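Peer 1: below is the structure, and that's it, no one-letter string:
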């Protein structure tokens, strides 16, 4: 079985599920998943996890994402993108690039966002978009998201392109909807490209055609998904105890105990484990060196723990 990550360049017109179907065919395996769904209208970076690396999807999907989004002013659709039915229209004010940039700046930071009704958010076990297609009466609660940067790349005759760097869970089409309202009109997303997702960049992404030609050339190590996790250093003795499945105390608030509960990958140089800290699944990577062991652990405690 192949264990690793592929930075896939998703094409417009395909769903993320379609990409997984193609990847299963290319690699001849079923255990494949992706991080961060892209709608059929969108293109760009789609990290795909193979084999045991699928256990790391929740960590790899926590990174900051960057998008380039095209928008049109003057009308709104039920889906908030150009695939939907027009439900409202209004005149487009005489706006300069400076006017739009000023409004965009007001969206930087932590904001409250109401996601699109045509989203994959679960509502009592049912996807919101399915309920929306049935004209069901439901309301999605607002959520806090972070916009780290938003800037105007181009604008002419009521159409433009913005670049957005944001946190996980941000709906770009909903952001464009709200920007349109702040500009005194309606706005609709007409195209979207994800140019970066965590450590994965579009410059290194491979198309399905490239993967067909050479599937092995684009497999990245699973460790890439946890590069940004905090590090701690412990003695070889404590690392050995952890590898044996024994509890290892971490000298932090409450002194939680870390115990091994499953293996992702084991080899002489980079044994990797899933551990449980106060019943919370966390990831640990251990690198045994001649004089010490480096431990990378996902938790609230990044203090080195020693003998």
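Peer 2: Arrived safely, thanks for sending. Predicted model, so just to flag it, every value in this text is computed and none were measured.
Peer 1: what domains does the record give for this protein?
Peer 2: 4-63+199-225, 65-191, 229-297 (automatic domain parsing).
Peer 1: can you put those domains in JSON lines and add mean neighbour count and mean pLDDT?
Peer 2: Using the backbone N, CA and C atoms, a C-beta is placed for each residue, glycine as well. JSON lines is the format used below for these (neighbours: other CB atoms under 10 Å; pLDDT from 0 to 100):
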{"stretch": "domain 4-63+199-225", "mean neighbour count": "18", "mean pLDDT": "92"}
{"stretch": "domain 65-191", "mean neighbour count": "17", "mean pLDDT": "94"}
{"stretch": "domain 229-297", "mean neighbour count": "16", "mean pLDDT": "54"}
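Peer 1: where along the stretch 151-300 of the chain do the strands fall?
Peer 2: Along the stretch 151-300 of the chain, the segments classed as strands by DSSP state E, counting those that start in this stretch run 159-166, 187-197, 200-201, 219-220, 231-234, 248-249, 257-265, 272-277, 280-288, 293-297.
Peer 1: in contact with the residue found closest to residue 89 once you drop the neighbours it is linked to in the chain, which residues?
Peer 2: Nearest residue to residue 89, sequence neighbours excluded (CB to CB, 6 or more residues apart in numbering): residue 75, at 4.4 Å. The contact partners of residue 75, by CB atoms under 8 Å, 6 or more residues apart in numbering, come to 86, 88-90, 186, 188.
Peer 1: and residue 75, what are its phi and psi?
Peer 2: The phi/psi pair for residue 75 (degrees, to the nearest 10) reads phi -150, psi 160.
Peer 1: what helix or strand is residue 132 on?
Peer 2: Assigned by DSSP states H and E, residue 132 belongs to helix 128-133.
Peer 1: from residue 154, how far off is the closest residue to residue 33 other than its chain neighbours?
Peer 2: Spatial nearest neighbour of residue 33, chain neighbours left out: residue 54 (4.6 Å); criterion: CB to CB, 6+ apart. In this view, residue 54 and residue 154 are 38 Å apart by CB to CB, to the nearest Å.
Peer 1: do residue 87 as well
Peer 2: Distance from residue 87 to residue 154, by CB to CB: 27 Å.
Peer 1: what does residue 237 give?
Peer 2: Taking CB to CB, one finds residue 237 at 59 Å from residue 154.
Peer 1: ditto for residue 206
Peer 2: Separation of residue 206 from residue 154 (CB to CB): 28 Å.
Peer 1: also residue 185?
Peer 2: The gap separating residue 185 from residue 154 is 18 Å, by CB to CB.
Peer 1: could you do residue 94 as well?
Peer 2: 17 Å.
Peer 1: ditto for residue 167
Peer 2: For residue 167, the distance to residue 154 equals 25 Å [CB to CB].
Peer 1: partner strands of the strand or helix carrying residue 71 and their direction?
Peer 2: Residue 71 belongs to strand 65-73 when elements are defined using DSSP H and E. Applying DSSP bridges, strand 65-73 is found paired with strand 159-166 (antiparallel), strand 187-197 (antiparallel).
Peer 1: would you list those strands in JSON lines and tack on distance to residue 221?
Peer 2: As requested, the strands paired with strand 65-73 are exported to JSON lines (distance: least, CB to CB, whole Å):
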{"stretch": "strand 159-166", "distance to residue 221": "25"}
{"stretch": "strand 187-197", "distance to residue 221": "17"}
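Peer 1: for residue 4, find the nearest of the ones you listed.
Peer 2: strand 187-197 (16.3 Å; CB to CB).
Peer 1: how much space between the closest residue to residue 202 other than its chain neighbours and residue 131?
Peer 2: Leaving aside its sequence neighbours, residue 202 sits nearest to residue 195 (CB to CB, 6+ apart; 4.6 Å). Taking CB to CB as the measure, residue 195 falls 31 Å from residue 131.
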